[in-house]
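Q: Sequence plus the predicted model coming up.
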Amino acid sequence: MAEKDKGEKKEKKSSKKLILILLVLMLLGGGGAFGYIKFFKAKKAGNAETKKAVEVAPKGSSEKLTAMPLNPYLVNLIDPDTRRYLKVRIVLNLSEKKVEKEITEKLPSISDSIIMYLTSKTYDEVISPMGKKKLKSEIQKIVNKHLQTGRVNQVFFTEFLVQ
């Protein structure tokens, strides 16, 4: 009788272990699939949209404006008490189509300047509507300093996240 109880206990323990292992494997597989879709598939789609310029016409105007989306920026803010992050997607409204080529050629130095500017900001400076307007104005000035053939007329935020 005692041997029969030991056999049942071993069988129950091994079946519990098997279920636990299968559950852990399913969670890891699901997490891996989620991570792949979230980070790798999204980047491929995002890269395709950043390579082309989009023509947009403002309301009440027959004039077409050239909009150029930039890659998203994710930077640390310089808050002394806590860690805060800023993620921003920027679209540049260009004065003419040929400026897009110049920006593409100078994108590493332009991105570096934008990142250096954004990382010099605190949470309080970027969270208010006036702070966002100032960011747009400064980013426009930064990009225009690098340009010779045309200029950026406006800067748009298509995503703005502070955490």
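A: Great, that's in hand. Remember, it's a predicted structure, so these values are computed and weren't measured experimentally.
Q: residues touching the residue most central in space within the chain, list them.
A: The residue lying closest to the centre of the chain (Cα atoms, centre = their mean) is Pro72, at 4.1 Å. Contact analysis of Pro72 by Cβ atoms under 8 Å, 6 or more residues apart in numbering lists 46, 87-89, 159. Bear in mind the C-beta positions are built from the backbone N, C-alpha and C, glycine included.
Q: Buried among these? Make that a PyMOL selection.
A: Command for PyMOL, covering only those of the contacts of Pro72 found buried under the criterion 16 or more other Cβ atoms under 10 Å:
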select buried, resi 88+89
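Q: Take the contacts of Pro72 and write them to a markdown table, including distance to Leu25 and secondary structure.
A: Shown next, in a markdown table, are the contacts of Pro72 (distance: Cβ to Cβ, whole Å; DSSP: H, G, I helix; E, B strand; the rest coil):
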| residue | distance to Leu25 | secondary structure |
| --- | --- | --- |
| Gly46 | 31 | helix |
| Lys87 | 33 | strand |
| Val88 | 38 | strand |
| Arg89 | 36 | strand |
| Glu159 | 35 | strand |
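Q: Please identify the one among the contacts of Pro72 that lies nearest to His146.
A: Nearest to His146, judged by Cβ to Cβ, of the contacts of Pro72 is Val88 at 18.4 Å.
Q: Have a look at this protein and report the helix or strand with the lowest mean pLDDT.
A: strand 54-56 (a mean of 48; mean pLDDT, DSSP states H and E).
Q: Cool, thanks, talk later.
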